[in-house]
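Trainee: Task: produce atomic coordinates for the following.
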Amino acid sequence: MPRTDVAVSPSLANALESLRARGLGLRRGSEPGPLEASRPAVPSGHAALDAALAGGREGIGGWPRGALALLDAPSGGGATTLALTSVAAAQAAGGLAAWLDLDGTFDPAVAVCAGVGLEWLLVARPHDSAEAIELAAWLGRSSLIDALVLDLGERGVPDRRAVDRLGSVLARAEATSALVVAPAGRVVVGAVAGVRVALRRSAWLAAGRDLVGQRVHAVVERHRWALAGGSAELDLWFGEGRRIDPQLATAAEPRPIESMEERPALRVVGA
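Mentor: Numbering: from 1, shown residues only. Presented below is the predicted three-dimensional model:
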C-alpha cells in the first residue's frame, strides 16, 4: 500500500486491504502504474448522462478519473440516487468503490436495490468534513478505488484549501472519480470541482397512486476536459418501489410537479 502523510485508522487500512485481497485489484494488477491513466472513465449507470459527459469526445463517456465531480442538487433532488447507480456501474465494470458517509444516512437496503454490491463497497463514517476529505485523499492516493462518493450531507461545509488539495491528489493519481454530494457545501466544492452536473426534478414518476421515482434533468454545467452544456433526462427510482416491483419502469408514468406536493406524502407500500 502506498505510504501517505494522512493518518488513517488501522481498521480502514485493513478494510481496504481486505477488498484488495479478494482478487478484484489483482485482476488489473496489484500495484498502480502508468496504465492507470489509460483506464476508461467510470460509468454513471445512465447511457444518456455518459454521452453528455463525453462532451463530443468519440467513444469516451462517464465520470473522468482523477477528478472531483459535484452532483449539484437540492435535498431530495436525486444526487444520492445517481451516486448509487454510478457506484453500481463501477462495480459492474470490475472496480472497487467507497462511500464516505458524514451524516450517517447511507442505507444498505436502498444501495442493494440500486444494484450496489455491499461486499465490494468500503463504507466509512468520518467525524467531520475535514476528516472526510483526508480519508478521500488517502483513498485517492491508493489508486485502488475507482468510484469514491464523498457524501457531506446537510452539515458538511469543507474548507476550500482542503478541497483544493484533494483535487490535486486525485489528479496526480489519475485513478479515482470522486463524486461529491454536498447540499450545504455546494458553493465551496463547486468552485474547485472539475465537473459539475446540475440535477433538477422535472416530474414525479407514479404507478397508480404511488410515487415510485422522479424524472431529473441533468445538465453538465462544467467539464474541465470536454465540452460542457450537454444534458440528459434521467429516471431515478426510489429504492423501496424497485424492490417491490422490478417492472415499475414500464408501468410508471410521469406526473407534473405542479400537480402534487413538492415532497410526496409518506405512503407505506411494503415492509
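
Trainee: Run a quick neighbour tally on Ile257.
Mentor: Per other C-beta atoms under 10 Å, the neighbour tally for Ile257 reads 14. Every residue, glycine included, has its C-beta placed from N, CA and C.

Trainee: which ones are touching it?
Mentor: Residues near Ile257 by C-beta atoms under 8 Å, 6 or more residues apart in numbering: 201-204.

Trainee: at 6 Å what do you get?
Mentor: If you count contacts by C-beta atoms under 6 Å, 6 or more residues apart in numbering, Ile257 has none.

Trainee: What distance do you get for it to Ala182?
Mentor: For Ile257, the distance to Ala182 equals 24 Å [C-beta to C-beta, to the nearest Å].

Trainee: Excluding sequence neighbours, find me the nearest residue to Leu152.
Mentor: Ala182 (4.1 Å; C-beta to C-beta, 6 or more residues apart in numbering).

Trainee: Give me the neighbour count for the one you found.
Mentor: 27.

Trainee: now swap in the one 3 residues further on and tell me
Mentor: Counted with other C-beta under 10 Å, the neighbours of Gly185 add up to 24.

Trainee: correct me, but it touches Pro158?
Mentor: Yes: using C-beta atoms under 6 Å, Gly185 makes contact with Pro158 at a distance of 5.4 Å.

Trainee: middle-most residue in this protein, spatially?
Mentor: Note on the chain: the residue nearest the mean C-alpha position is Ala83, at 2.8 Å, using C-alpha atoms, centre = their mean.

Trainee: Against which helices or strands is whichever strand or helix holds that one packed?
Mentor: For Ala83, the host element (DSSP states H and E) is helix 79-92. Here helix 79-92 touches strand 97-101, strand 147-151, strand 177-181, going by 3 or more C-beta pairs under 6 Å, 6 or more residues apart in numbering; DSSP states H and E.

Trainee: Of those strands, flag the one that's most buried.
Mentor: Stretch with highest mean neighbour count among the helices and strands packed on helix 79-92: strand 177-181 (a mean of 30; mean count of other C-beta atoms under 10 Å).

Trainee: quick one: strands adjacent to that one?
Mentor: Here strand 177-181 has these sheet partners by DSSP bridges: strand 67-72 (parallel), strand 147-151 (parallel).

Trainee: Contacts for the last one next, please.
Mentor: It refers to strand 147-151. 42, 83, 86-87, 90, 97-101, 136, 139, 176-181.

Trainee: what packs against the next helix or strand after that strand?
Mentor: Moving toward the C-terminus from strand 147-151, the next helix or strand (DSSP H and E) is helix 160-173. Where contact means 3+ C-beta pairs under 6 Å, 6+ apart, helix 160-173 is packed against helix 129-142, helix 186-192.
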